[in-house]
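K.L.:
quick one: sequence plus predicted model below, questions after.
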2 protein chains.
Amino acid sequence: MADETVSHPLVVFTPSGKRGRFPVGTPVLQAARDLGVDLDSVCGGRGICSRCQITPSYGDFSKHGVTAIEGALSDWNSVEERYKQKRGLREGRRLGCQAKVEGDIVIDVPPESQVHKQVVRKDADDRVIELDPSTQLYYVEVREPDMHDPSSDMERLKEALEEQWGLVELIGDLQIMQRLQLALRDGKWRVTCAVHFGRKRAQGRIVNVWPGFYEGTIYGAAFDVGSTTVACHLSDLRTGKTVASSGLMNPQIRFGEDLMSRVSYSMMNPGGAVQMTDAVREAINALLGQVAAQALVSPDDIFECTFVGNPIMHHLLLGIDPVELGGAPFALTAGEGMVFWAREIGVNNTHPDARVYTLPCIAGHVGADAAAVILSEEPYNAEDMTLIVDVGTNAEIILGNRDKLLACSSPTGPAFEGAQISCGQRAAPGAIERIRIDPETKEPRFKVIGCDLWSDDAGFATATAELGVTGIAGSGIIEAIAEMRLADIIDIDGVVRGSLSEKTNRVFSEGRTFSYLIHEGAQQIVVTQNDVRAIQLAKAALYAGCQLLMDEMGIDSVDRITLAGAFGAHISPMHAMVLGMIPDCDVENVRSAGNAAGTGARIALLNAGKRTEIERVVRDVEKIETALAPKFQDHFIDAMAVPHKTAPYPRLSKIARLPDTPPSPPPNEGGRQRRRRART
Amino acid sequence: MADETVSHPLVVFTPSGKRGRFPVGTPVLQAARDLGVDLDSVCGGRGICSRCQITPSYGDFSKHGVTAIEGALSDWNSVEERYKQKRGLREGRRLGCQAKVEGDIVIDVPPESQVHKQVVRKDADDRVIELDPSTQLYYVEVREPDMHDPSSDMERLKEALEEQWGLVELIGDLQIMQRLQLALRDGKWRVTCAVHFGRKRAQGRIVNVWPGFYEGTIYGAAFDVGSTTVACHLSDLRTGKTVASSGLMNPQIRFGEDLMSRVSYSMMNPGGAVQMTDAVREAINALLGQVAAQALVSPDDIFECTFVGNPIMHHLLLGIDPVELGGAPFALTAGEGMVFWAREIGVNNTHPDARVYTLPCIAGHVGADAAAVILSEEPYNAEDMTLIVDVGTNAEIILGNRDKLLACSSPTGPAFEGAQISCGQRAAPGAIERIRIDPETKEPRFKVIGCDLWSDDAGFATATAELGVTGIAGSGIIEAIAEMRLADIIDIDGVVRGSLSEKTNRVFSEGRTFSYLIHEGAQQIVVTQNDVRAIQLAKAALYAGCQLLMDEMGIDSVDRITLAGAFGAHISPMHAMVLGMIPDCDVENVRSAGNAAGTGARIALLNAGKRTEIERVVRDVEKIETALAPKFQDHFIDAMAVPHKTAPYPRLSKIARLPDTPPSPPPNEGGRQRRRRART
C-alpha cells in the first residue's frame, strides 16, 4: 500500500467528489474519464479544443483526505503555452489533457468545462437545463488512405469516430459524402464532425464535417408556433446560451383570426391548408434569418430546430390538413414526437442537413405546446398536486403530480385575448394592464403598458400624452371585472348595478344595460355589460375544465397553480381568483411560468434525453374530453357566477388587501362556486 | 390418440412437406403460418387479396401417410364465390384463409401463392432469385378514432400493423402523414401500406398508403450504370417478373469517352463533376420514364431502385467528385452499401418516397458492378475455384471459392472495346463478330451482326447488301487475332509475317509493317500490326491480373472461368484462350454470365437479404492492388506473347477443331506463358 500511494497518487475531483488512484503520468482528462467525471473535450485530448480546462488546488484538504503539494501535476507544457498565447487561458487553469498526475491532488472542474453544463433558464425560477443536445461535435484524426487497404474515406472516418469516441453504427448523410473528400484533405486527415443522434443514442448520423478542428460552434432554434405569434430562440448548442430571440405575427392570420376559422378556411378552400402551411413555413424561415442576423451567425450553422404548437399549428406546419381537428372526434393524424430533416418540412434557412424535432401532441386539442409546458414545469416530478393552466382561445389544463397526470382542453373562446371585449386590445403600449377601483367612491386608477405611473400619479397625463390610453389588455380586463365585483359595481350574477348610476357617473346606461367608465380621453374606455358576460363565459369554461380534472383526480383543492402562456404571465393571481377563473389556492402558491411552452421547446433543443422523457410522460397522461363529460356543463353553469367573497376561496382571506364585503350567499360544498343559472 | 386423429386432422403441405395436426375448423392459412409454410397473404386472411390460393388434393397419399377424403376442407363459401365471380379462381383452387381443415388433407401451395417466390433469372443458367424485396405491401384494418382515446391516426395505423402483421418500431414518412387522413376515411378504416425495410428488418418506414385493399402492385428498377450505357430493368416487386427493360447511352460520354477522361474533365473544369452527375441522373430519370411507359405503369408506382456501377460512375451518381479515384491511392469517398431516398440523389421519376440502394464498392477501381457480378455468380458459395473476368476499359477480376475471394482490377485500356483498333467499332449491325481463317489458304470467312449467314455462304452478299460490312466488333477482333495466330499469319511475338505477302494478297505491306485483309467492300476491313499490338497489350494486362490473383491464391490453374459483361458474353472462350487472355481451363468450364452486373442489381432489388449478404462478402474480399504488386509487371511482359500452341494450355488440346501447328518454344513452369520482352 505504501508503494501504491506513491506510484498511484490520489486524485479528487470537485465539485463531483469523485476520486481514484492513478499511475503517475496519467493525464487529468484520462483520470476524469475513468471516474466518469463530467469533463468536456471535443478534440479527444489533443490539446486543441481547450474544453477540458481544470483548476488544480494545492494545500491541505482534510475534508477530502488529501494534502496536495505543488508539483502534484506535471509542468506547464508547450501545448498549454501555445494555447495561452493564442487564445488565452485564465490564471491557475491547466488543460486537462496536458497536465499529468504526479502526486495527490484536488482538481476542480469549472462549470464551463463540464460536458453537461447546467444552463440557467431565463424565467421566474432560474431553473436549469442540463446541456446534452441531439447534435454534438467530435474532432477526429482519420487514417490516410492506403493502396494496401482500399477502405473508403467514410469507412475510415467512422472507424476514427468509433475508436476515438466510441460512436458506433453511424451513418453519413449524402451531403457529407459529397464534402468529405475535400474536408479530409484540407484538414490533413483531421476533421470535426457534427453528429445528430436520433431516438437511439447509438444510431447517429454525421450531418456535417469541417476540415481540422472547428473553432466555431453550432446552433439550434426553438420555435413556439402560436396561432397569433411565432416565437424563436436561437441557442448555442455548445454552451446552451440563448444568443438571439425574435417573434413574428403568424401570417396564417390572414386566413382566419382564430384556430377554428383557419380550419374552416381549409374546409372551404381547396388548397387552403397548403397556403397556410406555406405561410407559417415562410415565417419560420424569416425568423431563422432574423435570429441568425441578430447573433451574427450564418443560418448554415443552425443544425437543429424544435417545434411546439397546438395541434392545428402542428399539423399545418407538417403539411397535414387540420380539418379532422375541427370536429369530433378531433382525431390527430400524427402526434408522436418526430424527427424530420428540416428541409422535409420546408424549413431551409438552416444547414442543409439540419434536423427538426416536433414535440408530441397530447390529444386532438391538447397540443405539443401543452406537452412543452409539462416538460418545462415537470409536474410529473413533483409531490405537490399542481394545476397548470395555459390560457388562450382554448385553455389547456393539466393537473397532477408524480403519480398521475390529467389533461384537458376547455373552449374559453377569444374573450381573454380581448377579441370580444368592446375596448379590448392586444397587450401593446397604451393598453390598460392594471386597474384598481375604490370600493367607496367607485373611482378607478390604472396603469398602461409603456408607462410606470398609475393614472392618479402626478405626471401621468404628461407621461402618456403620446402613448395615449388606447384600450384594455387581456390582463387588464380580468382585473377590471374582478375589481368591479370587489367594489360591488357588478353583482354575483355579473349584472352591472344600474342603481349606482345615481351615485356616480362612472356607471351609465347604454340602452337596457349599464356600463362602467374607466377613462375618458381621446377614446372612451368602458366595460360594458356584454364585456362582463363574455368574460364570465370564458372564465366559467376555464374553471369548469379545472373542476372536471379535480373531480377526475378525486380532489377538492390543489397545492399549486401555475399560469402559463403570455396571458398567464400578466394576470394577477388574486384577481383571477376573485373572478373565479381558477380554483382556490394559497395565493403564494399561484405563480406565472411565463412562456412555458417556449421554455419546453428550448429544453427539448438543449437536452435530447428530455425528448424521450416528454414522449413517455405524454403517453401516460390521461386525456379528459370535456365534450364527453356530462358534469362539464354543470360545472360550467356553476362557474358563471362572480362570487366576490372569500367563502369559496377561504385562502384568499389571507390577503390583507381584500376589502370588507357585504355578506354573500352561503357557499356550496367543497369550496365550489354557488350553483346559479346563468342569464345570458 | 384416437381422439386426436379426429379432433386434430393431419395437414400436409406440398411442396414443402411440412405437416402438423390442427383443430377442426382451423383455416388453412392459419395452419400454414403455424407451420412456417410459405403461403402469401396481403390482406391478412380477410378473403380480399386472394394471394393465399391453395390446391387441396384428395385420395390416398401413402408417401405422406395421409388418406384425404372429399370433405376434408370446409365447403366452398360465399367469400370464395364472390371472389371467383369477380376475379376468377382456377378450377380446384381454394382461398387458404376461407377453407378450414375438417379432415386429413394434403394441400399444395402453387408457386404464385408462395411469399418467397422463386424468380427465374433470365440468363444462361436460368437460376432463381428468392423474392423478398425491401418494400412490401400490408393490408390492415385500423381502429376508428374515439374521443375517449385520443390516439392519432398514425398511432392506430402502427398499432394495426403491429397486431395484424407483427411489424414493430415502424416510422411513417412525412408524406404518408399528409395523406393518411383521407386514405383512412376513403378506405373506411381499411388501408394498404407499402413498408420499406432498411438494414434491419424491424425498422421499417411506411412509404405509401392506399385506401382500402390495393389491387395493384409496386415496382422496382435495377440500374447498371456503365460508362458507356445505362441499363434499367423494371420488376414487379410482388411477382419478381421483369416487366420492362431499356438502355440509354450514358450522356456523360460528351464529357469524355472513357473513365479517365471524365475524371480529367472534373479536374480541369470547376463544376465538371456536377455536370456529369446531372447528366447521368437525367438519363436515369428518362429511363424510368421509358420503362414505366413500356410496362404501362405510373412512375409513381416505382418504390425502389438499385444501382451498380464502377467506382467513378458510383461516385458521380451520388454527387461525389471522382477526382480521388483518378490517381493513387485511388481512395473511395464512400463505398458501403447505402440506402437513400431516391430524390436525395436527384432520382425523382418515381414515387416521391422511393428508396434507392447502392451496392457496395470493393475498392477504388473495383466497383459496385464487380460486387454485383459476385452477387450474381456467388463464387463465395462454390467449392470450385472460379475466376470471374469482367472486361471493360478496366478488367475486374475475381478469383476464389467459399473459402476465400480475391479481387483486382487490371488496366486493359479501351482496345477490347474497339477504341484503338483501326477497323474497330461498337457491336452494331454490320460489325464482324465471328471469323475463321483457313490455315492453308489464309482465306477468312466471317459473320456480321444482323445476318445469320457466313461470308462464304451463298446469298451473303445479297443479305448484307443494305447492312454492309462496317468494321470489327470487340468479339471479332479477339477471334481475328487468335485465328491469325492459328493460321500462322502472326508469329509468337505478334508480328504479321510479311513473307506471306508473296503467297497471298490477304497479307500486304503498309509502310514498315504488314496488315491482313479480311474484307474488301465499300470499306476495306483489315487488321494492322498496330491492331495486333493494342490487343496484345490489353490481353497481357488481363492475363497478368488473373495470374497475380492465382499467385496470391497459391494455385496454378482454376476450375471454372466466367466471362461477365457485354463483351464477355460475345467472345469465344476458345479464341480467348488461344490469344492468351485468360488462364488455361477446360473449355466446357468457361462460360459467359451475360450481364452479370445487371443481374446482381436485380437480385439486390428483389431480395433484401442479398444486400446484407453482398455487403458481408465484399468486406471479406481481399483486394489486390496490381500497381503495388512487383510481379504484375513480370506477368504482363510474359503475357505479351501469342503462344499459339496447346502447351501452355494443355486442356485446349481436347478441342478437335484446333489445327496442327508447328512446334513452338518450350513452355515455362506452371503453365505460364513464355517470358519474352515485348517489342512495341
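P.N.:
Perfect, thanks for sending it. What you are looking at is a predicted structure, and each value in this text was computed from that prediction instead of being measured.
K.L.:
does the closest residue to A:Pro251 other than its chain neighbours belong to a helix, a strand or coil?
P.N.:
Of all residues not flanking A:Pro251 in the chain, A:Ala279 sits nearest, at 4.3 Å (CB to CB, 6 or more residues apart in numbering or on different chains). C-betas here are computed from N, CA, C, even on glycine. Here A:Ala279 is recorded as helix under DSSP: H, G, I helix; E, B strand; the rest coil.
K.L.:
swap in the one 10 residues further on?
P.N.:
Taking three-state DSSP as the rule, one finds A:Gly289 in the helix state.
K.L.:
that one - nearest residue in space that isn't next to it in sequence?
P.N.:
A:Asn349 (5.4 Å).
K.L.:
can you tell me how far the residue nearest to A:Pro251 sits from chain B?
P.N.:
17 Å (CB to the nearest CB, to the nearest Å).
K.L.:
would you mind measuring from the residue nearest to A:Phe460 when sequence neighbours are not counted to A:Leu467?
P.N.:
The shortest distance from A:Phe460 to any non-neighbouring residue, by CB to CB, 6+ apart, is to A:Leu453 (4.6 Å). Separation of A:Leu453 from A:Leu467 (CB to CB, to the nearest Å): 11 Å.
K.L.:
same question, A:Val558
P.N.:
In terms of CB to CB, A:Val558 sits 39 Å off from A:Leu467.
K.L.:
before we move on, what about A:Gly326?
P.N.:
With CB to CB as the criterion, A:Gly326 and A:Leu467 are 40 Å apart.
K.L.:
hmm, back to that, report pLDDT for the residue nearest to A:Gly289.
P.N.:
pLDDT for A:Asn349: 97.
K.L.:
of A:Gly326 and A:Leu467, which one has the most company?
P.N.:
Taking other CB atoms under 10 Å in any protein chain shown, A:Gly326 and A:Leu467 do not tie; A:Gly326 has more neighbours (18 against 14).
K.L.:
what pairs with A:Arg205 across the strands?
P.N.:
A:Ile171, A:His196 (DSSP bridges).
K.L.:
wait, is A:Ile253 part of a strand?
P.N.:
No. If the criterion is three-state DSSP, then A:Ile253 is helix and not within a strand.
K.L.:
what's near enough to touch the residue nearest to it when sequence neighbours are not counted?
P.N.:
Of all residues not flanking A:Ile253 in the chain, A:Thr228 sits nearest, at 7.0 Å (CB to CB, 6+ apart). Counting by CB atoms under 8 Å, 6 or more residues apart in numbering or on different chains, A:Thr228 touches A:249-250, A:253, A:417.
K.L.:
how about the residues of the stretch 101-250 of chain A by chain B?
P.N.:
When proximity is defined as CB under 8 Å from any CB of the partner chain, the stretch 101-250 of chain A approaches chain B at A:145-155, A:172, A:174, A:177-178, A:180-182.
K.L.:
show me how to select, in PyMOL, the buried members of those residues.
P.N.:
In PyMOL syntax, the buried subset of these is picked out as below (16 or more other CB atoms under 10 Å in any protein chain shown):
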select buried, chain A and resi 145+147+150+151+152+153+154+155+172+174+177+178+180+181
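K.L.:
inside strands: which ones of the residues of the stretch 101-250 of chain A next to chain B?
P.N.:
Judged by DSSP state E, strands contain the following of these: A:Gly172.
K.L.:
picking that back up, wasn't the residue nearest to A:Gly289 part of a strand?
P.N.:
No. Using three-state DSSP, the secondary structure at A:Asn349 is coil, not a strand.
K.L.:
how close does it sit to chain B?
P.N.:
Distance, A:Asn349 to chain B, by CB to the nearest CB: 19 Å.
K.L.:
do A:Ala370 as well
P.N.:
According to CB to the nearest CB, A:Ala370 and chain B sit 12 Å apart.
K.L.:
okay, and that residue sits in which element?
P.N.:
helix A:368-377 (DSSP states H and E).
K.L.:
right, and the helix or strand after that helix?
P.N.:
Using DSSP H and E, the helix or strand that follows helix A:368-377 in sequence is strand A:386-390.
K.L.:
mind listing what that next one pairs with, with the direction of each?
P.N.:
Strand A:386-390 sits in its sheet next to strand A:395-401 (antiparallel), strand A:560-564 (parallel), going by DSSP bridges.
K.L.:
what average pLDDT does the next helix or strand after the shortest one get?
P.N.:
Right, strand A:560-564. The helix or strand immediately downstream of strand A:560-564 is helix A:565-570, counting by DSSP H and E. The average pLDDT within helix A:565-570 is 78.
K.L.:
check the offset of stretch A:327-345 from the chain's centre.
P.N.:
20 Å (CA atoms, centre = their mean, to the nearest Å).
K.L.:
kindly report the same for stretch A:459-471.
P.N.:
For stretch A:459-471 - counting by CA atoms, centre = their mean - the centre lies 34 Å from the chain centre.
K.L.:
list the buried ones in that stretch?
P.N.:
Neighbour-count burial for stretch A:459-471 [16+ other CB under 10 Å]: A:460, A:464, A:469-471.
K.L.:
try stretch A:5-12
P.N.:
Neighbour-count burial for stretch A:5-12 flags A:8-12 (criterion: 16+ other CB under 10 Å).
K.L.:
and those, which two are furthest apart?
P.N.:
Spatially, the most separated pair among the buried residues of stretch A:5-12 is A:His8 and A:Val12, at 13.5 Å (CB to CB).
K.L.:
where along the stretch 551-680 of chain A do the strands fall?
P.N.:
Counting by DSSP state E, counting those that start in this stretch, the stretch 551-680 of chain A has strands at residues A:560-564, A:590-594, A:622-623.
K.L.:
these: lowest mean pLDDT?
P.N.:
If these are sorted by mean pLDDT, strand A:590-594 sits at the bottom with a mean of 87.
K.L.:
list the contacts of the residue nearest to A:Ile478 when sequence neighbours are not counted.
P.N.:
Leaving aside its sequence neighbours, A:Ile478 sits nearest to A:Ile571 (CB to CB, 6+ apart; 5.0 Å). Applying CB under 8 Å, 6+ apart, we find A:Ile571 in contact with A:474-475, A:478-479, A:563, A:592.
K.L.:
make it 7 Å
P.N.:
By CB atoms under 7 Å, 6 or more residues apart in numbering or on different chains, A:Ile571 lies in contact with A:475, A:478, A:563.
K.L.:
okay if I get these as JSON lines plus neighbour count?
P.N.:
Listed next are the contacts of A:Ile571 as JSON lines, based on neighbours: other CB atoms under 10 Å in any protein chain shown:
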{"residue": "A:Ser475", "neighbour count": "26"}
{"residue": "A:Ile478", "neighbour count": "27"}
{"residue": "A:Leu563", "neighbour count": "25"}
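K.L.:
winner for burial among the strands of the stretch 551-680 of chain A?
P.N.:
Most buried of the strands of the stretch 551-680 of chain A, by mean neighbour count (mean count of other CB atoms under 10 Å in any protein chain shown): strand A:560-564, with a mean of 25.
K.L.:
now the longest helix along chain A: buried residues?
P.N.:
Counting by DSSP state H, the longest helix found in chain A is helix A:529-553. Using 16+ other CB under 10 Å as the test for burial, helix A:529-553 gives A:529, A:531-553.
K.L.:
list the helices and strands that helix packs on?
P.N.:
Here helix A:529-553 touches strand A:386-390, strand A:395-401, strand A:404-410, helix A:474-486, strand A:513-520, helix A:630-638, going by 3 or more CB pairs under 7 Å, 6 or more residues apart in numbering or on different chains; DSSP states H and E.
K.L.:
where along the stretch 51-200 of chain A do the helices fall?
P.N.:
Assigned helices in the stretch 51-200 of chain A, in chain order: A:78-87, A:153-165, A:174-186 (criterion: DSSP state H, counting those that start in this stretch).
K.L.:
closest one to B:Phe636 among those helices?
P.N.:
With respect to B:Phe636, and counting by CB to CB, the nearest of the helices of the stretch 51-200 of chain A is helix A:153-165 at 30.2 Å.
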